[in-house]
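below: sequence and its predicted model.
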Amino acid sequence: MTNWQIRLATSTAIAIGLTVSHSAQAACCYFSAKNADILQPGQKVFITWDPVEKIETFTVQPKFEGNALDFGMVIPTPTEPKLHEMPRDFFSHLAIYTIMKKREFPASKLLPIFAPQAPGGGAVFGGLANKAAAMDLDGHGPVKKPPVRVLQEGLVGSLDFKVIEADRADALFDWLKQNKYSYSGDEATLNFYVQKKWIFTVMKIDTAQMKRNKDGTFSGNVSPTRFRFATEKMTYPLKITQISVREKTEALFYVQAPYKVDLKDDFSYQYTWVPMLQMASGCMPSGIPGRGGDWLAAFKDQIPPLMQRANVLNFRFIQGQRPTPNAKGHIPTTMEWARKLSPSDVKILRGESSYSEKVPDVDEGFTQADLKDPQRAQAIFKVIQARLVKAHKERPIGYLVREAPAEDVRNLQQLMGHLTENWFITKFRKIFARDEMNDDLSIVPARYNGAEDNSEYEELFPVSPP
């Protein structure tokens, strides 16, 4: 890697089915949101926002490759941050915690194929979505303070960092070069933050802690780093990422706050969330889980202008596929998971609550060999059918299940202390084109004209066939 860049790794994920039409049809098909972890230049971030204390924390995980001496990263924040190391696999644990659920019904492998499995059949709701030693020079040196001042420096994990403030962009530009940060951007981007009087955290790989490849290069991910700072509003430094992006970058956000959040204006996930809910409502007369129907009802007067704006933006939604770019290369934001954490959700981290529901095995105690005797077979069939009826009566809409390796589930305890009971986590994805990165990102409450979107999304929805 010959130039200084921001290198934040991301695990990319889903294929979402979307449509703008709202048609209730008798037959329904199902789509899957698939979580395939792919390492690529991009960003993933976990943000926690306390609107009362006006404190924001965000956790990022850099990816480095090439000569570690050339690796650098700069992150601007509104005020001076405190840095803390996070668990190395923090984002992997978050991915496991937010795996989507699907509904399953008990089914027998022993009943004849023509025998009824259970009242209402055994439909399945989609596929599984799987997987800062302080050094403050301000006022303590010469009467005329230097234009670039180091506020903190230290080591967090394997990253050597300095927290600095600057009065002029040209002075900061020179400081970066003198301190061997091979900065590939221009002074204009630095000036954007200097004029706002933001603070800069610059980081390098500590080569003493890294393993070198045979060719002398390094590659891999370092431990995530958490930044904690005071701010009047929740924000994410997006513009500086523009420096290291040629055409686009994919960002995956996990945002924890007392309420559900969204992005502003045309970055909103409502362009995809509302059509998805509409399609699901056509297949779920009993109601969309997670209060999705309530949101459609509260938002109904705003749906027509939303769809009109979608047409202006040329956001096209194709069922069973991820949103495609419009003529400008812009892609709408997609929501991947959202839930207000209940006591049971938090107990999962301690292993005190089940990670997944278990579908009863209605064939338990019987084998294929038991069916050789026709008379005994008939008795067995009656028992199995009685079990199916009982299971359907107890859980008429099926069991919510998801799968993950047992060790990964046990490792969720590393999220303890980072997730807050009764707060919302909103997980969404946005692919930013370069011309969409001219400003920082504002994250706002998911509220519109007095209506609050507190709908949840933790299980796969059915949609009407195209």
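Happy to help now that I have it.

wouldn't residue 347 be in contact with residue 353 here?
Yes: Residue 347 is within contact range of residue 353, at 3.6 Å (criterion: C-beta atoms under 8 Å). For every residue, glycine as well, the C-beta is placed using N, CA and C.

quick check: neighbours shared by these two?
Residues touching both residue 347 and residue 353 by C-beta atoms under 8 Å, 6 or more residues apart in numbering: none at all.

now the helices for the chain?
Using DSSP state H, the helices of the chain run over 90-97, 169-178, 187-195, 270-281, 292-299, 303-313, 343-350, 374-394, 406-410.

which strands or helices does the first one pack on?
So the one you mean is helix 90-97. strand 8-11, strand 39-50, helix 406-410 (3 or more C-beta pairs under 8 Å, 6 or more residues apart in numbering; DSSP states H and E).

quick check, central residue of the protein?
Taking C-alpha atoms, centre = their mean, the centroid of the chain lies closest to residue 427, which sits 3.6 Å from it.

hmm, back to that, give me whichever of the helices of the chain is most buried.
helix 270-281 (a mean of 24; mean count of other C-beta atoms under 10 Å).

could you dump the helices of the chain to JSON lines with distance to residue 262 and mean pLDDT?
What follows is the helices of the chain, written out as JSON lines (distance: least, C-beta to C-beta, whole Å; pLDDT from 0 to 100):
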{"stretch": "helix 90-97", "distance to residue 262": "19", "mean pLDDT": "94"}
{"stretch": "helix 169-178", "distance to residue 262": "32", "mean pLDDT": "91"}
{"stretch": "helix 187-195", "distance to residue 262": "24", "mean pLDDT": "92"}
{"stretch": "helix 270-281", "distance to residue 262": "7", "mean pLDDT": "90"}
{"stretch": "helix 292-299", "distance to residue 262": "12", "mean pLDDT": "94"}
{"stretch": "helix 303-313", "distance to residue 262": "12", "mean pLDDT": "94"}
{"stretch": "helix 343-350", "distance to residue 262": "21", "mean pLDDT": "94"}
{"stretch": "helix 374-394", "distance to residue 262": "37", "mean pLDDT": "92"}
{"stretch": "helix 406-410", "distance to residue 262": "29", "mean pLDDT": "95"}
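
TSV for the ones you listed, including distance to residue 45?
Converted to TSV, these look like this (distance: least, C-beta to C-beta, whole Å):
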stretch	distance to residue 45
helix 90-97	9
helix 169-178	23
helix 187-195	18
helix 270-281	20
helix 292-299	25
helix 303-313	25
helix 343-350	20
helix 374-394	41
helix 406-410	21
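
of all these, which one is nearest residue 433?
The closest of the helices of the chain to residue 433 is helix 303-313. By C-beta to C-beta, the value is 12.5 Å.

now do the closest one: everything it contacts.
20, 266, 270-271, 274, 296, 299, 317, 326, 330, 332.

which one of those is nearest residue 398?
After measuring the contacts of helix 303-313 against residue 398 - C-beta to C-beta - the closest member comes out as residue 296, at 22.3 Å.

look at stretch 344-359 and report the distance between its end residues.
Length of stretch 344-359, first residue to last, C-alpha to C-alpha, to the nearest Å: 19 Å.

if you could redo that for stretch 276-292, that was the one I meant.
10 Å.

measure residue 432 to residue 346 for me?
Look at residue 432 and residue 346: by C-beta to C-beta, to the nearest Å, they are 32 Å apart.

residue contacts, the spatially closest residue to residue 331 that is not a sequence neighbour?
With C-beta to C-beta, 6 or more residues apart in numbering as the criterion, residue 331 has its nearest non-adjacent residue at 4.6 Å, and that residue is residue 431. Contact analysis of residue 431 by C-beta under 8 Å, 6+ apart lists 248-251, 331.

change it to 10 Å
12, 42, 248-251, 322-323, 325, 329-334 (C-beta atoms under 10 Å, 6 or more residues apart in numbering).

good, we can wrap up now.
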